[in-house]
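Novice: here is a sequence with its predicted model. Questions after.
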Amino acid sequence: MRISPKLILTTSAVIALAACSTEAPQAAVDEGSANAMMDSADSAETGTIVDVAVGNADFSTLVTAVTAADLASTLGSEGPFTVFAPTNDAFAKVDPATLNALLTPEKKADLTGLLTYHVVAGELKAADVISAITNGGGTAVLTTVQGGMLKATLDGDSVILEDETGGKSTVILTDVEASNGVIHAIDTVVMPG
């Protein structure tokens, strides 16, 4: 069965975007990279999460992973989803042998678990995440589609996600709109426990 790039993109987008909003403070990022991501997002904002991801070169590794996991149709569905989407630079931090192994058919279940750990059911704009952090006394606990938990906190103006292994990722771009949810780009792949 061929996996659609749209499904991969949608899955990635849903995973990456649950932590931020345009009303919330954003982490400092390379201006050129952020502008390129925003230009891609603007041109594809009426498409699904997968469409948006496919249309953005900064998410090509995510799209490849979504396709390998056969998640494109799921992430292209009605939703809504919030995706904390790892950028290509985030995936570059993962050991290449580990990443290549995850993309094999034998590791499809592991890859699916990893990707769905980046997705939260419902649409959480950056302002929603900030509000949840504030209302939670400085920490918001987000339940992922995979079933695991992500902790969201603030470090200055940046939303930080902490995974179940204690790893941390910074939200670097927020509120990339899609027809079935929102994407927030993150700088590090988060890992389920």
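Specialist: Received, thanks.

Novice: when you work out contacts or count neighbours from here on, use the C-alpha atoms and nothing else.
Specialist: Noted.

Novice: what packs against the longest strand along the chain?
Specialist: Longest strand of the chain, by residue count under DSSP state E: strand 168-178. With contacts taken as 3 or more C-alpha pairs under 8 Å, 6 or more residues apart in numbering; DSSP states H and E, strand 168-178 sits against helix 31-43, strand 158-162, strand 181-186.

Novice: where among those is the average confidence lowest?
Specialist: Note on the helices and strands packed on strand 168-178: lowest mean pLDDT is at helix 31-43, with a mean of 43.

Novice: C-terminal to that helix, what's the next element?
Specialist: Following helix 31-43 in sequence order, the next helix or strand is helix 49-54 (DSSP states H and E).

Novice: model confidence over that following helix, on average?
Specialist: 94.

Novice: run through the residues that contact residue 164.
Specialist: For residue 164, the contact set (C-alpha atoms under 8 Å, 6 or more residues apart in numbering) comprises 148-150, 191-193.

Novice: same thing but 7 Å
Specialist: 149-150, 191-193 (C-alpha atoms under 7 Å, 6 or more residues apart in numbering).

Novice: and for residue 47?
Specialist: Residues in contact with residue 47 (C-alpha under 7 Å, 6+ apart) are 178-179.

Novice: from residue 151, how far off is it?
Specialist: Distance, residue 47 to residue 151, by C-alpha to C-alpha, to the nearest Å: 29 Å.

Novice: which one (most neighbours) among the contacts of residue 164?
Specialist: When neighbours are counted by other C-alpha atoms under 10 Å, residue 150 leads the contacts of residue 164 with 26 neighbours.

Novice: distance of residue 189 from residue 170?
Specialist: From residue 189 to residue 170 the distance is 10 Å (C-alpha to C-alpha).

Novice: quick one, helices of the chain?
Specialist: Under the criterion DSSP state H, helices of the chain are mapped to 5-16, 31-43, 49-54, 60-68, 72-75, 88-92, 96-102, 108-116, 126-135.
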